[in-house]
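Q: A predicted structure for the sequence below; I have some questions about it.
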There are 2 protein chains.
Amino acid sequence: MIDPKTLSGFRDYLPATMIPRERIVGCVRDVCRSYGFTPIDTPAVESLDVLLGKGGDESDKLVYRVRSAKAEKEEAGLRFDLTVPFARFAAQYVPQLGTPFKRYATGPVWRGERPGKGRFREFWQCDFDTIGTTSNAADIETALVINDLFAAIGIDRFEVRVNNRLLLNGLLDLYGLSDRAVPLLRSLDKLPKIGRDKVAEEMLKEAAVTADQAARVLDLAETTGSNEEVLARVESFFAGAPNDKAAEGLRRLRELLSVANAAGVPDGRFRIDLSICRGLDYYTGTIYETFLTDLPGIGSVCSGGRYDNLASLYTKQVLPGVGASLGLDRLIAALEEMKHPLLGGATTPADVLVVQFDAARLGDYQRVARLLRAAGVAVEVYPDAKKVGQQLQYAEKRGFRVALIAGSAEFEQGVWKVKDLARREEVAVPEAEVVARIKASR
Amino acid sequence: MIDPKTLSGFRDYLPATMIPRERIVGCVRDVCRSYGFTPIDTPAVESLDVLLGKGGDESDKLVYRVRSAKAEKEEAGLRFDLTVPFARFAAQYVPQLGTPFKRYATGPVWRGERPGKGRFREFWQCDFDTIGTTSNAADIETALVINDLFAAIGIDRFEVRVNNRLLLNGLLDLYGLSDRAVPLLRSLDKLPKIGRDKVAEEMLKEAAVTADQAARVLDLAETTGSNEEVLARVESFFAGAPNDKAAEGLRRLRELLSVANAAGVPDGRFRIDLSICRGLDYYTGTIYETFLTDLPGIGSVCSGGRYDNLASLYTKQVLPGVGASLGLDRLIAALEEMKHPLLGGATTPADVLVVQFDAARLGDYQRVARLLRAAGVAVEVYPDAKKVGQQLQYAEKRGFRVALIAGSAEFEQGVWKVKDLARREEVAVPEAEVVARIKASR
């Protein structure tokens, strides 16, 4: 007998988690499509050359190697994110597909890291990007998609924090520190975790700035207040020393707020937060992070930003773009912790169980089930003619809402017993009214 | 510069193929859910012990090995189908989840085989199964799901061929050949490919039967006629020699036809075909294969059957069941060959392109887009204020149906120009009527 178990760091999705996961991925698809993002898919297995493009010990260590029984010419590995495969894809097909090109992709990625609480070696990402344009319209749309996505999932208490790297870059210009941007960003990224003093200390050490310069950068990042107050404060930093980068950053943030307002996004949904910067030097413009109001500590559940060039490793064509990624497993963990109704515990996607009271009547049971299915109601017919009590127990355990029961007495009268399983109420309903009755009771 | 390409045998899904693939997988989900099948997911990576359970050189050769940079204790590989992981899953969780258990699963599987036309090393499967019951109600439902699935996809010219292994087993009992079932089935499975004579020859050689016995088996398999004629002919085989297996096989096929009829499945959708048997000895009862009327030569696009025990390698609990698997890539290849409208070539999932005529009006463009999105119409706003002609060219190339255009003249009058891109007709429509006009023109 072989021990039935998953490998360390890998996990199964049981119905109670898979039903909401499928619903969330469905929302990603629906919302992305509603903005004209098109789906693409790339293989899980890519050549190691493509995956390790940038080199670097870290990705080399985390990439799973793949080989077939035959010796292949090329070494292969499992993708560790959806960005590298998209960069390869864009280099290969954008000449034929044209720009602007807007795509979304959802699927698993693999990282050979030490597993931990909520950290798996195989986990899902949901990415969407617009490439081939530097227009702020695409940056604004990215924020709108994030807003619509969480609304579609059924979460209304969330905030999208927005920043623009150009503001910080402008400030660094002012102080002649532009060459120190990368280490400064890396330190700044740790602000929520290690606090102002430790970040300042690190900036002195890693970016060789003065204590005063570190303080100015931190003052900018820690500016608080209403969106207008924060933007006014940034302007005051540059009073008397006009800077093109900072001006463009301000223009883009202001346009984002005004278009969101014109389009009808609720006030307060987008908040300018100059402290968010994403550690990666890959990002060059707008930055997004998304926090759940009731569980900010879990960190950003949807993040991204604008970049100058997606695929420089694979093509000479410059492909600027903007995009974001939903951390599906982190979001599900958050919803579990918040006891959100989405993770309500039902282990069936169906509403109605048709009890198999009389095996000879299977045709009738499937007939009424098909009527309901045609009306958009999901229905399971119990496969065995077991005792009714046993079938109703099964229905309650799985989380069905309604049971339909009919034996010879009901068939003679042309009715079905419609049993509300939560209220434990039962009424006899003429067959012609069953669909309407069940749809109305939802 | 790294060459941007996929590994041999692997492929990307570009928008024109990915849009229909997503639609088909969506149909699998919707139809399975409408019958109460619940989604589950298992990791792509499993321990080699689990994957190679049965041993056998063939699976050993086709399984991709996976390893991380750290030496792990356990050897790992990529799943080569969705059945082995489901068997492992069932052994692990059915004690807690209970039976009957109905699940569907969709996702990629990997096989290290020589790639060829339409044969890839990574390809998608869509499986659904009902386990923990021997009831014919589950067998019948499997056929109903296959029927509803193809109807949902938008294919109406197809046929589900149904057989039951018990008929052949009954015949072999009659001739005292029960121990020869496996080699006989393997030969019979080749009937459509190599023809009657070669199959008979192989049966003599591989199953050590007489020419007369081979002829009787082939006579049964090649019985043609209406469903009732075929069933009557089977009965005649057993006239005077009653056989329990054959009687149960006949009862199950007859009940399937009568329930399908009662439930309202179109006549002729299910056809008894005694020649289909699936080569695997895993199947023990009802057998399903699905053929496209306009392209039968591509083979079965959805196949499955009843089995006595799913997970004997991983648990002592006996788990009988029935299920089927949609060959997604084969179906897409068939639809491409048939020039089915599903593969219509549009590379955008959106209907409407809002032209960005005046960059200062982005708020208005996103406002009208949100009105349409709220009404279920997918809308892309062009990201740059390029020349209108260029934007319309883009819209036609991607396959948008309608363009919405407005500049200062239109904003003054409160109208939008609605341009039908196929008919090249343009009308000015008051903003309040835009949604209704575009929804009506679909």
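A: Arrived safely, thanks for sending. Because the structure is a prediction, the values reported are computed rather than measured. Residues are numbered from 1 along each chain as shown, chains lettered A, B, ... in the order given.
Q: wait, doesn't residue A:231 sit right on residue A:271?
A: No - counting by CB atoms under 8 Å, residue A:231 does not reach residue A:271; the two are 11.6 Å apart. Heads up, the C-betas are built off the backbone N, CA and C, glycines and all.
Q: the more surrounded of these two?
A: More neighbours surround residue A:231 than the other of residue A:231 and residue A:271, with 20 against 16 (other CB atoms under 10 Å in any protein chain shown).
Q: quick one: buried residues of whichever helix or strand the more buried one is part of?
A: Using DSSP states H and E, residue A:231 falls within helix A:227-237. For helix A:227-237, the neighbour count (16 or more other CB atoms under 10 Å in any protein chain shown) marks A:227, A:230, A:231, A:234, A:237 as buried.
Q: how about stretch A:282-292?
A: Buried residues in stretch A:282-292 (16+ other CB under 10 Å): A:283, A:284, A:285, A:286, A:287, A:288, A:289, A:290, A:291, A:292.
Q: just give the closest residue to the third one, not the sequence neighbours.
A: Distances taken as CB to CB, 6 or more residues apart in numbering or on different chains put residue A:306 closest to residue A:285, at 3.3 Å, once the chain neighbours are dropped.
Q: ok, the second one next?
A: Of all residues not flanking residue A:284 in the chain, residue A:308 sits nearest, at 4.7 Å (CB to CB, 6+ apart).
Q: that neighbour - how many residues pack around it?
A: For residue A:308, the count of nearby residues is 14 (other CB under 10 Å).
Q: thought residue A:19 was touching residue A:332?
A: No - proximity of residue A:19 to residue A:332 does not meet the contact threshold set by CB under 8 Å, at 11.0 Å.
Q: for residue A:154, what are its contacts?
A: Contact partners of residue A:154, counting by CB atoms under 8 Å, 6 or more residues apart in numbering or on different chains, are A:340, A:341, A:342.
Q: can you put the residues you listed in CSV and add distance to residue A:360 and neighbour count?
A: Formatted as CSV, these follow (distance: CB to CB, whole Å; neighbours: other CB atoms under 10 Å in any protein chain shown):
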residue, distance to residue A:360, neighbour count
A:340, 44, 19
A:341, 40, 10
A:342, 41, 18
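Q: of those residues, which is the nearest to chain B?
A: Distance to chain B, by CB to the nearest CB, is smallest for residue A:342 among those, at 14.5 Å.
Q: identify the residues contacting the closest one.
A: Each residue near residue A:342 by CB under 8 Å, 6+ apart is listed here: A:20, A:23, A:24, A:153, A:154, A:335.
Q: same question, residue A:437
A: For residue A:437, the contacting residues are A:418, A:429, by CB under 8 Å, 6+ apart.
Q: how close does it sit to residue A:419?
A: The gap separating residue A:437 from residue A:419 is 12 Å, by CB to CB, to the nearest Å.
Q: specify the beta-bridge partners of the closest residue to residue A:300 other than its chain neighbours.
A: Nearest residue to residue A:300 in three dimensions, chain neighbours excluded: residue A:289, at 3.7 Å (CB to CB, 6+ apart). Note on residue A:289: beta-bridge partners residue A:161, judged by DSSP bridges.
Q: just to revisit the earlier point, name only those of the contacts of residue A:342 that count as buried.
A: Taking 16+ other CB under 10 Å as the criterion, what is buried in those is A:20, A:24, A:153, A:335.
Q: need the residues of the stretch 151-300 of chain A near chain B, please.
A: Within the stretch 151-300 of chain A, the residues that sit near chain B (CB under 8 Å from any CB of the partner chain) are A:255, A:258, A:259, A:261, A:262, A:263, A:264.
Q: please report the distance of the fifth one from residue A:137.
A: So the one you mean is residue A:262. Residue A:262 sits 13 Å away from residue A:137, taking CB to CB as the criterion.
Q: more neighbours: which of those two?
A: Under the neighbour definition other CB under 10 Å, residue A:262 and residue A:137 were set side by side, and residue A:137 has more, 24 against 16.
Q: now the strand or helix carrying the more buried one - C-alpha only, CSV.
A: Using DSSP H and E, residue A:137 falls within helix A:136-153. Extracted in CSV, the C-alpha atoms of helix A:136-153 (Å, rounded to 0.1, in the frame of the first residue of the first chain):
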residue,chain,number,x,y,z
ASN,A,136,-1.3,57.3,-17.9
ALA,A,137,-4.7,56.0,-19.1
ALA,A,138,-3.3,52.5,-18.6
ASP,A,139,-2.0,53.3,-15.1
ILE,A,140,-5.4,54.6,-14.2
GLU,A,141,-7.2,51.6,-15.7
THR,A,142,-4.9,49.3,-13.6
ALA,A,143,-6.2,51.0,-10.5
LEU,A,144,-9.8,50.7,-11.7
VAL,A,145,-9.4,47.0,-12.4
ILE,A,146,-8.1,46.4,-8.9
ASN,A,147,-11.1,48.3,-7.5
ASP,A,148,-13.6,46.4,-9.6
LEU,A,149,-12.0,43.1,-8.8
PHE,A,150,-12.4,43.3,-5.1
ALA,A,151,-15.9,44.6,-5.5
ALA,A,152,-16.7,41.7,-7.7
ILE,A,153,-15.3,39.2,-5.2
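Q: packing partners of that helix?
A: Contact analysis of helix A:136-153 by 3 or more CB pairs under 8 Å, 6 or more residues apart in numbering or on different chains; DSSP states H and E lists helix A:15-34, strand A:122-131, strand A:158-164, helix A:244-263, strand A:283-292, strand A:302-307, strand A:321-327, helix B:362-374 as its packing neighbours.
Q: and that helix with strand A:283-292, angle?
A: Helix A:136-153 and strand A:283-292 meet at an angle of 20 degrees, taking axes from the mean of the first three to the mean of the last three CA atoms, to 10 degrees as the criterion.
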